[in-house]
Structures are given as C-alpha cells and as structure tokens.
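Enquirer: one predicted model, sequence on top.
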Protein chains: 2
Amino acid sequence: MDSIGEARVGGKSGVGVLDKAVGILSFLAEGGPATLAGVVRGTGLARPTAYRLLSALEAHGLVAREEGRYYLGLRLLSWGGRAVGSALVGAAMPVLEALRDRTGESTQLYVKEGDRRVCVASVERTGGGLRDAVPVGAVLPLGHGSGGRVLLAWSEGAEAPDLAETRALGWAESVAEREAGVASVSAPVLGPDGGLRAAVCASGPVSRLGEHPGERLAGLVVEAAREIQEAGVR
Amino acid sequence: MDSIGEARVGGKSGVGVLDKAVGILSFLAEGGPATLAGVVRGTGLARPTAYRLLSALEAHGLVAREEGRYYLGLRLLSWGGRAVGSALVGAAMPVLEALRDRTGESTQLYVKEGDRRVCVASVERTGGGLRDAVPVGAVLPLGHGSGGRVLLAWSEGAEAPDLAETRALGWAESVAEREAGVASVSAPVLGPDGGLRAAVCASGPVSRLGEHPGERLAGLVVEAAREIQEAGVR
DNA sequence: TGTTTTGTTTCAACATGTGAGACACAATGT
DNA sequence: ACATTGTGTCTCACATGTTGAAACAAAACA
C-alpha cells in the first residue's frame, strides 16, 4: 500500500531557519527526549547552531529542558488542540485503535490536502511480523493506493467511471500499487452534510492480507468509518 | 490572583525568524483562522514576509490553508501529543472543568519550570461577571500568588518556615497579591513517588471570593488535586 | 591523572531573510 | 461600466541575521 516514499513534510520550505527548527522538533518527536549532544548527532546541525535554536525554542515554550534533556514543550499541546481537524482526529483515535485490534493490522486516517493526502492519525500493528508504518504528517499522492482512491472518489466533481464504481462499492482496496508488498483497504469518513472529511485505512503486507484484502477487511473498515462519522464533529 | 502581566512566551528568543513564525502561530491560535491579510494586520509583519513564512509553515504542516484562510496544522497536534506532561494535562482537563463548575470560578494547572511557573491548562468561568483569564503558556513568577507558593512549598529542598506552614496546611490562598482584585486557592498535584508534579488553582475576583477564599474553596481544590493525582500518569 | 565529551560563548564571514515595489486579480464603490 | 481599493504572489538589491570554527570551563570517562 502507501508508504512514506514521498513524504514531503520536513523538507525545504524556503526558509532555512524554519527548516532547521522543524528538524529539531521532528527529531525530538520521533526519537524522544535528547541531550544537546543527542540533538547534534540526530540532526547533523553544528553544536552552537543546535544550542541556539533549542534555546530559542525553549524561550517560546516549544521545547522544555529538564535534567539536561530537551523535551517537546507544552505550548505544542496548546496549539495542537486548536489545529484544524483536531476534533476529528481525537474522535478517530479510539476507532483506529479498535480497528487495529480487530484487523490485526496498522490503521491510518488521511485527509485530502490540495492534490495530496496527508496522514493525520496512525496506529501501528502490535505484536510481531511485518507492519506498514506511516508516520503522522506523511504526505502521499492521491493517484495510488486505496486511501487516495477513496479521497478522489468521494471528492466533489469526481466523475471518472472507475471512481463512480468505487463510490457504488463503498470502499476501495489496493495491492502492491504504491509500494511493493503492501496491501490496504479504505473507506470514506463523511460529515453531517455528506461531504468527505477523511479516509480511514487498514494496511499491511500482501503476504498476510492476500490479493483481495477487501474480502476480509472491507466490512470492518466501512464500519470504522461509520463509527468515526458518528463520533466526529468538525 | 496571578495574571499574564509578565507573560514571557512569545517575546525575543534571539532568533528573529523563529520569533516571527511563533508570532504567526500564536496569532492563529488566539485569534482563530485568518486570511493572509488578517495575519498581516494581526502580526504587523510586511505582507511578503507573512506570505513567505506562512508558505514555509504550510510546507512543514504547521499551518494549513483552506479556502483562503490559514489554520493551525495537524502536525502541531501530533507533536503536542508527545509534549512533556501532555498526559498529565489530558488527565487534568476534565477535573479542571468539574472544579470550575463546582466553584463557579476559573481554574488552571501550573507546572514549575526553572524559577518560574507556566500555565499548562486553563478553564475559564462560564456565565457572566468578572473572571480571571490566564492563557495556556503564560509564564508567571513563583514568588507571588497561591499557585507559586504551592510550587515552592512542595519543591524538594524547600525549607523556609512559611513554606513548611503551607505544606502542613495542604493548600495555599492569596488575595490581591500578584494583581489587585484577584484571589486564588491552590493545592499540589503529586506523583506516585510523592514528588511535585503541578499546582491546581481556582481563581476569581476578590469581590466574589472574599478576603479568605480558602474557607470556601480549599476543600474543593484539594479534592481536585487528589483526583488529578489518581487520574494522572507521568 | 589524563583524555574525551559536553555545554556555552564569541565574533568575523557571508548566506539568508527582508520588504519596497510591481503586477495580476478580486472585490467594492460610484 | 469604470475607477478605486484590497488581496495574494513574486522579484531582487541589500541590510541584517545566522553560522560555525575556535575557545573555554566543566563534566564524564578511561
């Protein structure tokens, strides 16, 4: 299925200082709390640069320093709670976790952003074996994968015949479409007005899901989409 | 009680680009979604500067643009969920809301950060009349106000006689100590190891709380602290 | 004890960020 | 319908802010 092969977040924005600061925050988010030396090693920044940016981020409450280690700061929590779609993500998390438990696979929630899709929530399969890892924030194309197809099919103005078929079916599946060895099943999360809000997706290796993952997973994924709809708000 | 008279977050960090970017994010967080023109007016930045920084923030997922308006982006939610103390804040919110309902006043949660305290959660009194508004992220001194006193009294190494008295009492109150007309009552939130985690505080106008706010509020605030302790994690 | 690592600071070099100005387009007013 | 105002996007000369080599003190390690 889909993967982060084309993840764009974290690249070059055109403002170098921001790229560096985001690199630091991203490193702390993914790797957990770190010392200055850890941040230097993990980001590749020169030590004085990392020190200066961390000090600035700390002054703004975006990182906190305790016992020599830097942590993400609580201002991010405050801002995050006001982010667009945060209520939807909050409502979706328990459903994604339940879907993960029912399917035994990793689950994600995608929203359409321009001509791409963004992973806004992600729950990874627990236990052993292969798992599809899509980090929150990953930006993926719409053209490949079941999540992208769902977002296209339920978008206003979607008129291609295959998208109409997908809509009639109510869900979409994909096998080794975007990345070799990965399969997925997705269904749309609609708002009270019937408009597309997001796509909920379960994904894992073809070796486990087979050539027709929808046979086993479609009902569960569609059901999860319905649960998010009913629990969702914005 | 305490107010944001000395709020420091959002000032000069020593890295100008970061100050400007934080200014933008802060504006969106406080004022809600805005057009480019709105951000220009709200931040005072030159239009091309605001446009460039917004574009960079958007590329990093920190803001999103929909129908000409900029919103805080979901990456902030992702990072915020990994911020230090986010679990404690999450656990505390319903308790703060309940305390607000029981007392009829505004409630906050403070943590000690260096020689200051930071408001990490805030619930404002509903309904009419005066209310004490402390925004999340506000940085206040420890020396004044019941919240500061509690953080000092339960810190390791606290030995002053008045702090020992506060500890024996189990809570602290303040009246027009930090800001004229504001009174408050605070109690400590301790961790499983008995170490100080935060201070929970109820605050409002002296005209309503009187010269001895502890008489009415201490029991409720201490109870709220206990609830947060039991619900808390980190 | 000696060496290495870590955190913090300085400052000359230079890379990057800035915003006045321009332009196209949209919205508003006459 | 035309004129004016407002908005979003882009360019580029240049001023300023960012950078990191070097230095140093302290902590950690061998």
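Expert: Great, that's in hand.
Enquirer: can you name the helix or strand that the residue of chain A most remote from its centre falls in?
Expert: Most distant from the centre of chain A: A:P48, at 32.9 Å, with distances by CA atoms, centre = their mean. For A:P48, the host element (DSSP states H and E) is helix A:47-59.
Enquirer: and the helix or strand that that helix is followed by, what's its mean pLDDT?
Expert: Using DSSP H and E, the helix or strand that follows helix A:47-59 in sequence is strand A:63-66. Mean pLDDT, computed over strand A:63-66, is 92.
Enquirer: in the lowest-mean-pLDDT helix or strand in chain A, what's buried?
Expert: Lowest mean confidence among the helices and strands of chain A (mean pLDDT, DSSP states H and E): strand A:139-141, at a mean of 84. Within strand A:139-141, the residues that qualify as buried by neighbour count (16 or more other CB atoms under 10 Å in any protein chain shown) are A:139-140. All C-beta atoms are positioned from the backbone trio N, CA, C, and that covers glycine.
Enquirer: that one: partners in the sheet, and parallel or antiparallel?
Expert: Paired neighbours of strand A:139-141 in the sheet (DSSP bridges): strand A:116-123 (antiparallel).
Enquirer: what's the strand it pairs with in contact with?
Expert: Outside strand A:116-123, the residues within contact range by CB atoms under 8 Å, 6 or more residues apart in numbering or on different chains are A:8, A:85, A:88-89, A:92-93, A:96-97, A:99-100, A:106-111, A:133-142, A:147-148, A:151, A:198-199, B:61, B:74, B:77.
Enquirer: what of stretch A:222-234?
Expert: Contact with stretch A:222-234 is made by A:85, A:87-88, A:91-92, A:94-96, A:98-99, A:107, A:109, A:170-171, A:187-191, A:197-198, A:200, A:202, as judged by CB under 8 Å, 6+ apart.
Enquirer: over to stretch A:52-61?
Expert: Taking CB under 8 Å, 6+ apart as the rule, stretch A:52-61 contacts A:17, A:20-21, A:24-25, A:36, A:39, A:45, A:63-65, A:70, A:73-75, B:8-15, B:18-19, B:22, B:118, B:137, B:139.
Enquirer: so what pairs up with the residue at minimal distance from the centre of chain A in the strands?
Expert: The geometric centre of chain A, computed from its C-alpha atoms, lies nearest to A:C119 (CA atoms, centre = their mean), at 2.3 Å. In this entry, A:C119 is beta-bridged to A:Y110, by DSSP bridges.
Enquirer: follow-up on the earlier one: filter the contacts of stretch A:52-61 down to the ones near DNA strand C?
Expert: Filtering these for proximity to DNA strand C (criterion: CB under 7 Å from any atom of the strand) leaves A:17, A:36.
Enquirer: which among the contacts of stretch A:52-61 count as buried?
Expert: A:17, A:20-21, A:24-25, A:36, A:39, A:45, A:63-65, A:70, A:73-75, B:8-10, B:13, B:15, B:18-19, B:22, B:118, B:137, B:139.
Enquirer: does anything pack onto whichever helix or strand A:T107 is part of? Which helices or strands?
Expert: Counting by DSSP H and E, the element that carries A:T107 is strand A:106-113. The elements that strand A:106-113 packs onto, with contact taken as 3 or more CB pairs under 8 Å, 6 or more residues apart in numbering or on different chains; DSSP states H and E, are helix A:86-103, strand A:116-123, helix A:146-153, strand A:196-205.
Enquirer: repeat that with 10 Å
Expert: The contact analysis (3 or more CB pairs under 10 Å, 6 or more residues apart in numbering or on different chains; DSSP states H and E) places strand A:106-113 against helix A:86-103, strand A:116-123, strand A:139-141, helix A:146-153, strand A:182-190, strand A:196-205, helix A:213-231, strand B:63-66.
Enquirer: pLDDT weak spots in chain A?
Expert: The model of chain A has pLDDT under 70 over residues A:1-11, A:232-234.
Enquirer: how about the residues of it by DNA strand D?
Expert: Neighbours of DNA strand D within chain A, by CB under 7 Å from any atom of the strand: A:16-17, A:20, A:45-49, A:52-53.
Enquirer: just checking, A:V39 touches A:L45?
Expert: Yes: the pair formed by A:V39 and A:L45 meets the contact definition of CB atoms under 10 Å, at 7.4 Å.
Enquirer: hey, what's in contact with both of these two?
Expert: Counting by CB atoms under 10 Å, 6 or more residues apart in numbering or on different chains, the contacts common to A:V39 and A:L45 are A:23-24, A:27, A:51, A:53-54.
Enquirer: looking at those, which is nearest DNA strand D?
Expert: Checking the shared contacts of A:V39 and A:L45 against DNA strand D with CB to the nearest atom of the strand, the nearest one is A:L53 at 6.2 Å.
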